[in-house]
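Trainee: Build me a model:
(2 chains)
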Amino acid sequence: MTLNLAALRNEFPMLSKQVGGKSIHYLDSANSSHKPNCVIDAMSTFMREGYSPIGRSSYTLASDATDAYEGARTKVSKFINASSAREVVFTKNATESLNLVAQSWGRANLGKGDAIVITFMEHHANIVPWQMLAKEKGFEIRWVPLTKEFQLDLSSLDQLLRGAKAFSFTSMSNVLGTINPTRELCAAAHAAGAIAIVDGCQSVPHMATDVQAMGADMLAFSSHKMCGPTGVGVLWAREALLDAMPPFLGGGGMINEVRLDGFTCAELPNKFEAGTPPIVEVIGLGAAVDFLNRVGMNEIRRHEIEIANYAYSALTSRYGEDITIHGPTNPELRGATFSFAFRGVHPHDVSQVLDQHNVYVRAGHHCAKPLMRLIGANATARASMYLYSNEADVDALVEALDDVSSIF
Amino acid sequence: MSNLEDLYREVILDHYRSPRNKGELPPPATCTEGANPLCGDEIKIFLDVADGMVRDVRFSGHGCSISQASASMMTAIVKGKPLADVRAVARRFKQLMTIEEDDGTTPTDIRLGDIEALQGVVKYPVRIKCAVLGWNTLLEGLNSTSV
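Mentor: Below is the predicted model:
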């Protein structure tokens, strides 16, 4: 079954927005996705009719709001097949999730003589938190290189993992679109005695996620890339790990007891949710999960393989050697995210011309500078698609690119 | 593409395609690096300053048409100029880019010539950073040579 794209697109008000009297073609979903009405409505209805602080107060509304908030946690936990909602921690975004991991788990477990392994494909969010800690603690950061086919080069993985305490990697590159073999990577980490930390930002919105089948120990992802609002991210981690980890941020909500000489932590997951959480946003994320389940993650993945295939053919058949796509050619091995170089024109100039045609792509280094250096590009233009992207979006991109040549 | 003609004026594209003073200068010329962390553009400005004037200047690096053209035009106008004039031109340019206010201290006889073609950039605020990258790096270079 393929998606009913026309009906689906109608659920996203931003997709019918016009700029300069013409429709827009949003090809920046790897950056952030648009939101369907059900998410927008869930948030505004909650603020209009159900809003209350949660957790602390005992009146009816507070109790109902707490149920709604915890209900969203349960939805998220089922969405990734966590064994318990206690393993789902709400953060500000995936970046904060990874900083939490570094500052809590990392600070407690990494020191001089230790090592962690990351990859050349990582977003800065899975590099810099480790570098910040390494500077202080003096552990080593090892990097998994890439093959010429834009896959992780696993030939020396066992060697890199030897003695490492953690392997932290992305499940899908935000630049190349490469989908990594997460199951295999988690197994390799465990075989070496390391924990497996997965940056799921680019895969969780686009394909079914099963943390237990994957064998991961931790998974970070963001709401705003999966049809939910900004302001909330998720850290999932195995309960035993979370239990052993010291708290990250201190304050209200995360304590059990506070005395003059110290404090004790609240139970999971509250231990990691200091202060008033983004209640409205979490409700919105819950609605986004409902929406994605209704559409079906497998259908979404199937659609994205189709649209990736369509985009790859359309771009390469029209432009041949004038376009260089940095990423795998096989649509089964990639998501619908295309970084490209076009006729030697700087990506900023490409995106500027595309903007004139209401074709919205991102130009730059995509917060992955080590990867950019490796592929020999200072910047790329990136077109990234989602469940609502259609052939008209791709066609508009292909047509608008032709105009780049008329100027440069 | 009438809208973009304001941004990509012919003189800008000419400097982009055939940059002036592109390259490097050997020591004792100074080298100052600048970067736009948002887009990854990087530039180096080489300055040969003596007797209170910019005797020679080169730039190298990579970036979009706006950053490259702006750097090229900048080298063309500052080469051979007394430092006070160079600073005044830079100030005038930043006023053109709306990132510095005209407080009346910039001499009124400072002319930007071709560089005024970059005025179209102001309509695209994201690109202002591209246009001023070379200029900020030049000023940093002048300040570090403390002349």
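Trainee: domain parsing for chain A?
Mentor: A:5-28+A:296-407, A:52-294 (automatic domain parsing).
Trainee: Any chance of CSV for those domains, columns mean pLDDT and distance to chain B?
Mentor: (Each C-beta comes from the backbone N, C-alpha and C, glycine too.) Converted to CSV, these look like this (pLDDT from 0 to 100; distance: least, C-beta to the nearest C-beta, whole Å):
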stretch, mean pLDDT, distance to chain B
domain A:5-28+A:296-407, 95, 4
domain A:52-294, 97, 11
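Trainee: Just put those in TSV and tack on mean neighbour count and distance to B:D114.
Mentor: Converted to TSV, those look like this (neighbours: other C-beta atoms under 10 Å in any protein chain shown; distance: least, C-beta to C-beta, whole Å):
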stretch	mean neighbour count	distance to B:D114
domain A:5-28+A:296-407	19	19
domain A:52-294	20	37
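Trainee: now these as CSV including distance to B:A50?
Mentor: CSV is the format used below for the domains of chain A (distance: least, C-beta to C-beta, whole Å):
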stretch, distance to B:A50
domain A:5-28+A:296-407, 33
domain A:52-294, 41
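Trainee: dump the residue contacts of A:N390.
Mentor: Counting by C-beta atoms under 8 Å, 6 or more residues apart in numbering or on different chains, A:N390 touches A:5, A:9, A:307.
Trainee: And stretch A:335-354, how far out from the chain middle?
Mentor: Taking the mean of its C-alpha atoms, stretch A:335-354 sits 22 Å from the chain's own mean (C-alpha atoms, centre = their mean, to the nearest Å).
Trainee: Packing partners of the longest helix along chain B?
Mentor: The single longest helix within chain B, with elements called by DSSP state H, is helix B:125-144. Packed against helix B:125-144 by the contact rule (3 or more C-beta pairs under 8 Å, 6 or more residues apart in numbering or on different chains; DSSP states H and E) you find helix A:347-356, strand B:30-36, strand B:41-50, helix B:65-78, helix B:83-96.
Trainee: Between strand B:41-50 and the fourth one, find me the angle.
Mentor: Looking back up the chat, that one is helix B:65-78. 0 degrees (axes from the mean of the first three to the mean of the last three C-alpha atoms, to 10 degrees).
Trainee: Would you mind writing the CA trace of helix B:65-78 as CSV?
Mentor: Presented in CSV, the C-alpha positions along helix B:65-78 are these (Å, rounded to 0.1, in the frame of the first residue of the first chain):
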residue,chain,number,x,y,z
SER,B,65,30.0,34.2,-5.0
ILE,B,66,29.2,37.1,-2.6
SER,B,67,32.1,36.4,-0.2
GLN,B,68,34.6,35.9,-3.0
ALA,B,69,33.5,38.9,-5.0
SER,B,70,33.4,41.1,-2.0
ALA,B,71,36.9,40.0,-1.0
SER,B,72,38.2,40.6,-4.5
MET,B,73,36.7,44.1,-4.7
MET,B,74,38.0,44.9,-1.3
THR,B,75,41.6,44.0,-2.2
ALA,B,76,41.3,46.1,-5.4
ILE,B,77,40.2,49.2,-3.4
VAL,B,78,42.6,49.0,-0.5
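Trainee: and it with chain A, contact?
Mentor: Yes. Applying C-beta under 8 Å from any C-beta of the partner chain, one finds helix B:65-78 in contact with chain A at B:65-66.
Trainee: Output stretch A:319-335 as PDB - backbone C-alpha positions only.
Mentor: What follows is stretch A:319-335, C-alpha atoms only, in PDB (Å, rounded to 0.1, in the frame of the first residue of the first chain):
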ATOM      1  CA  TYR A 319      22.200  16.600 -15.100                       C
ATOM      2  CA  GLY A 320      24.500  13.600 -15.400                       C
ATOM      3  CA  GLU A 321      28.100  14.600 -14.500                       C
ATOM      4  CA  ASP A 322      27.000  18.200 -13.700                       C
ATOM      5  CA  ILE A 323      25.700  16.900 -10.400                       C
ATOM      6  CA  THR A 324      27.600  15.000  -7.700                       C
ATOM      7  CA  ILE A 325      25.500  13.300  -5.100                       C
ATOM      8  CA  HIS A 326      27.500  12.600  -1.900                       C
ATOM      9  CA  GLY A 327      25.900   9.400  -0.700                       C
ATOM     10  CA  PRO A 328      24.900   5.800  -1.500                       C
ATOM     11  CA  THR A 329      23.300   5.200  -4.900                       C
ATOM     12  CA  ASN A 330      21.200   2.200  -3.700                       C
ATOM     13  CA  PRO A 331      17.900   3.600  -2.300                       C
ATOM     14  CA  GLU A 332      17.500   0.700   0.100                       C
ATOM     15  CA  LEU A 333      20.800   1.700   1.800                       C
ATOM     16  CA  ARG A 334      19.900   5.400   2.200                       C
ATOM     17  CA  GLY A 335      17.200   7.700   3.400                       C
END
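Trainee: All good on my end, thank you.
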